[in-house]
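J.: okay, sequence plus prediction incoming.
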Amino acid sequence: MKKSGYGVLFVCTGNICRSPTADGVFRKMVAKAGLEERVTVDSAGVSGWHAGEAPDQRTQAAALGRGYDLKNLRARAVHPDDYRKFDLLLAMDRGHEETLLLNAPSAARQRVRLFMSFAPQSNVQDVPDPYYGGPGGFEHVLDLIEAACSGLLNHVRNQLED
């Protein structure tokens, strides 16, 4: 039986660099694939430090350079309802994964995964935090995110077909 919809939540520390980048990249890929009516995409942070803020300006500039507009995204913290609402909660690094698993109800633990598991060819487990580095870090993060989003889109398509 075909699944009617699928939800993906990207999670990093404060939801101003990595997770909103993944949100914007995946949202555009989903739209290009004609799946925006069936796939819900969102992002959040394991903390609420930046709640209500737009993504970091450097994040937005790097993303816009590749055609991803993040200006309407706003940071928020992971909410307990997210564990029920989303089919996948994708951690940008192992620290985020650990935090998500600690807070996940037992029935939702299998929905928590490392985001880079969708790009096994990269041989990378964690998307590095570009916040304290230079512009090259934001470009590297985009490279990793685009690779993982491509694998994720294939996964979501398969889930919607099953």
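T.: Yep, that arrived. This structure is a prediction, so every number in the text was calculated from the model and none was measured.
J.: show me what the longest helix belonging to the chain is packed up against.
T.: Using DSSP state H, we find that the single longest helix of the chain is helix 135-161. With contacts defined as 3 or more CB pairs under 8 Å, 6 or more residues apart in numbering; DSSP states H and E, helix 135-161 has these neighbours: strand 6-12, helix 18-32, helix 57-65. Bear in mind the C-beta positions are built from the backbone N, C-alpha and C, glycine included.
J.: where does the prediction get shaky in the chain?
T.: Of all residues in the chain, those with pLDDT under 70 make up the ranges 1-3.
J.: in stretch 4-16, what counts as buried?
T.: Across stretch 4-16, burial judged by 16 or more other CB atoms under 10 Å covers 6, 7, 8, 9, 10, 11, 12, 13, 14, 15, 16.
J.: for stretch 114-134, that is, sorry about that
T.: Neighbour-count burial for stretch 114-134 flags 114, 115, 116, 118, 119, 124, 126, 127, 129, 130, 131 (criterion: 16+ other CB under 10 Å).
J.: state the number of residues packed around residue 81.
T.: 8 (other CB atoms under 10 Å).
J.: can you check residue 70 too?
T.: By other CB under 10 Å, 22 other residues sit near residue 70.
J.: cool, and the one 3 residues further on?
T.: Residue 73 has 23 neighbouring residues, counting by other CB under 10 Å.
J.: in a strand, that's where it is, yeah?
T.: No. Checked against DSSP: H, G, I helix; E, B strand; the rest coil, residue 73 lies outside a strand; its state is coil.
J.: cool, thanks, signing off.
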